[in-house]
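Visitor: Quick one, what's the 3D model for this:
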Amino acid sequence: MVRTGRPRKDPREPAEIMRAAGLEPLAPYPGSGLPWLCRHVACGREVTPRLSNVTKGQRGCIHCSGRARIEPEAAAAVMRAAGLEPLESYPGSDRHWRCRHVACGREVTPTYVRINSGAGACRWCAPNAPVDPDAAAADMRAAGLEPLAPYQGVDTPWPVRCLTCGTCGTPTLGSIRGGQGGCRPCGRRKADAAMRNDAEAASAVMRAAGFEPLEPYPGTAFAWKSRCTRCGTIVSPRLGSLAGRSRPGCKPCADRANGIAQRHDEGLAVAEIREHGFEPQEPYRGVKYPWRCLCRSCGTITSPTFGSILAGQSGCRRCADLRAAAARREDPERAAVSMRESGLEPLEPYTTSMAPWRCRCITCGRTSTPTLAKVRSGRGCKYCARHGFDRAAPARVYVVTHDRHHAVKIGVAGARRRNDRIAQHARFGWALFYERYVPTGDDALAVEQAILRRLRAAGHGVFLTAVQLPNGWTETFDAQRVSAAELRAAIREEHPAVPSPTEPPTLF
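Guide: Sure thing, here's the model as predicted:
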């Protein structure tokens, strides 16, 4: 039974594949995985390769591939035919064989397999041959550089020492062979020497460029202190930088020339800025300088730059703000609808969303001044609010003290004891010193604010911080400068006593 092996992927016939590999079949096809008697056309020997190996790219002749046993005499003959003289006995087909290349005399170590397959005999004689370390060192010494490390490659930095000045550097062999010097200080000196003019010629070049030298000529690549004959500025240009230069070598003169080149005609600038609604109030100085003008739209004196006007900017900050505000302005009718939907009837025209707007509460009839922004965020009539301090109900103005902080505080609270503010302060160590009842929360706030304004105007600032008293720290004072008795007297002065509807006031 003939084994057929795995199905072949190559559409060609087996004999065609073998002939394409240089093998002539001498027996019928046995199968892709079995030896097939053939003759190698190149050497004429009979061999038995497998079709599967040939389709993988293997060479069909074991003798030509070096895998067959080679007689030492035959191997030596192959090496000599390639121009190599063996220096030791045959080590094997894939072992390095020490030989001497007859053409150049160098000792090399090729393998029989590579030579038999047509590879070059000597790596030093090949077109892409590596650089001989001795030849590389000779090239560096010829350039006046002594190598300090073994040669690593033509493009690898090579530590060397300059034989002229003793400076160490790391040039590459490629740069040296390309014509570079290898030593930067010596190269700079050679360049200066090659480009150096005599002092008279150098001074003549500087004077022709508009400079008067103030010190001896240092060289083309060094700063030369000079005086600009145009503006008198002391500058330090380099002679080499002046060659072929179109702009002045003096920076102030160069900036001035650049400004002149960019400057617009004054008549055209005045006409242009008037078209944008401005009347110049001073002469035109330049495109980047502030230009004092009168805005004909709003009458404001403004100072735009002519460049900003040309770039499309408005030029007047007030007009820009007014346009932006108009773009964001709420429609008065819509604003009034929002207030009425929250139970407030406007009593004056609408201005802005952040300005207090006097309204009357439809529910309680009281007048208040909320802002449209707060009403739209959920606020409403401060008297009808069911949270926080009730400004329409009876209230108290109180004074509390803190012994450890040496502080005194004034505040307001509702007349009822439920959710008492004073009890909340007591948990932080505050003790009630005095309290006085007033008819409404508005009255309590009026008394408190009047006393705070009076004390602040007298130079008494906030004593505690928000860390020491999170809620109400802005109404605290130093007890050594403002006593609790003084606060009590101020409360009595601002508002007469009003009896509590539920309990008598507590006096101390």
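Visitor: Using the three-state scheme, assign I491.
Guide: helix (DSSP: H, G, I helix; E, B strand; the rest coil).
Visitor: ok, it - contacts?
Guide: By CB atoms under 8 Å, 6 or more residues apart in numbering, the contact set of I491 is V397, V399, I410, Y434, R436, V447, I451. Every residue, glycine included, has its C-beta placed from N, CA and C.
Visitor: In contact with the closest residue to R296 other than its chain neighbours: list those residues for me.
Guide: Leaving aside its chain neighbours, R296 sits nearest to G277 (5.0 Å; criterion: CB to CB, 6 or more residues apart in numbering). Going by CB under 8 Å, 6+ apart, G277 touches C295, R296, S297, G315, C316.
Visitor: now do 7 Å
Guide: Going by CB atoms under 7 Å, 6 or more residues apart in numbering, G277 touches C295, R296, S297.
Visitor: burial of the last one, as a residue count?
Guide: Counted with other CB atoms under 10 Å, the burial measure for S297 works out to 14 neighbours.
Visitor: and which of the contacts of G277 is nearest A135?
Guide: Nearest to A135 among those, counting by CB to CB, is C295 at 82.0 Å.
Visitor: Helices - which of the contacts of I491 land there?
Guide: Judged by DSSP state H, these include V447, I451 as members of helices.
Visitor: Centre of the chain to stretch 43-63, how far?
Guide: In terms of CA atoms, centre = their mean, to the nearest Å, the centre of stretch 43-63 is found 63 Å from the chain centre.
Visitor: What lies in contact with it?
Guide: With CB under 7 Å, 6+ apart as the criterion, stretch 43-63 contacts 5, 10, 14, 17-18, 21-23, 26, 32-40, 42, 64-65, 68.
Visitor: Can you say which of those are buried?
Guide: Buried members of the contacts of stretch 43-63, scored by 16 or more other CB atoms under 10 Å, are P14, I17, M18, A21, G22, L23, S32, W36, C38, R39, H40, C64.
Visitor: Doesn't the second one lie inside a strand?
Guide: No - counting by three-state DSSP, I17 is located in no strand; its state is helix.
Visitor: Narrow the contacts of stretch 43-63 to those in strands?
Guide: Mapping the contacts of stretch 43-63 onto strands (DSSP state E) picks out L23, C38, R39, H40.
Visitor: Who does the second one form a beta bridge with?
Guide: In this case it means C38. On the basis of DSSP bridges, C38 is bridged to P25, V47.
Visitor: pull the helix or strand with minimum mean pLDDT from the protein.
Guide: helix 184-195 (a mean of 71; mean pLDDT, DSSP states H and E).
Visitor: And the next helix or strand past that one?
Guide: Of the helices and strands lying after helix 184-195 in sequence (DSSP states H and E), the nearest is helix 199-208.
Visitor: contact partners of that following helix?
Guide: Contacts for helix 199-208 (CB under 7 Å, 6+ apart): P213, P216, Y217, W224, S226, L239, L242.
Visitor: Check stretch 227-234 too.
Guide: Contacts to stretch 227-234, defined as CB under 7 Å, 6+ apart, come from residues G210, F211, E212, L214, K225, V235, C250, P252, C253.
Visitor: Same question for stretch 327-340.
Guide: By CB under 7 Å, 6+ apart, the residues outside stretch 327-340 that reach it are P346, P349, Y350, S353, C359, L372, V375, R376.
Visitor: Give me the subset of the residues you listed that lies in strands.
Guide: Using DSSP E, the contacts of stretch 327-340 in strands are P346, C359.
Visitor: pLDDT below threshold where in the stretch 351-500 of the chain?
Guide: 385-388, 417-419, 496-500 (pLDDT under 70).
Visitor: was I right about A444 contacting E435?
Guide: No - assessed by CB atoms under 7 Å, A444 is found out of contact with E435, at 10.4 Å.
Visitor: which neighbours do those two share?
Guide: Residues touching both A444 and E435 (CB under 7 Å, 6+ apart) are R396, V397.
Visitor: So between those two, which is more surrounded?
Guide: Comparing A444 with E435 by other CB under 10 Å, the one with more neighbours is A444, at 27 against 22.
Visitor: if I look at that one, how far off is I491?
Guide: Here the criterion is CB to CB, to the nearest Å. By it, A444 lies 10 Å from I491.
Visitor: tell me, what's touching these two both at once?
Guide: What both A444 and I491 touch, as defined by CB under 7 Å, 6+ apart, is the set V397.
Visitor: what's stretch 404-416 in contact with?
Guide: If you take CB under 7 Å, 6+ apart as the criterion, stretch 404-416 is touched by 389-390, 393-401, 420-422, 429-430, 437, 441, 444-445, 448, 451, 463-464, 468, 472, 475-480, 482-484, 487, 500-502.
Visitor: Can you point out the buried residues in it?
Guide: Applying a neighbour-count criterion of 16+ other CB under 10 Å, one finds H405, A407, V408, K409, I410, G411, V412, A413, G414, A415, R416 buried in stretch 404-416.
Visitor: And the third one, how far from R114?
Guide: When you say that, I think you mean V408. Going from V408 to R114 by CB to CB gives 104 Å.
Visitor: ok, now the second one?
Guide: The spacing between A407 and R114, counted by CB to CB, is 99 Å.
Visitor: So the nearest residue to E146 once chain neighbours are set aside: helix, strand or coil?
Guide: Counting by CB to CB, 6+ apart, E146 lies nearest to R161, which is 4.9 Å off, once chain neighbours are set aside. Secondary structure assignment for R161 (three-state DSSP): strand.
Visitor: Isn't R161 up against A149?
Guide: No - the pair R161 / A149 is not scored as a contact, 10.8 Å apart, by CB under 7 Å.
Visitor: So which of the two has more stuff around it?
Guide: The residue with more neighbours, out of R161 and A149, is R161; 16 against 11, by other CB under 10 Å.
Visitor: so what's the more buried one up against?
Guide: R161 neighbours (CB under 7 Å, 6+ apart): L145, E146, L148, C168.
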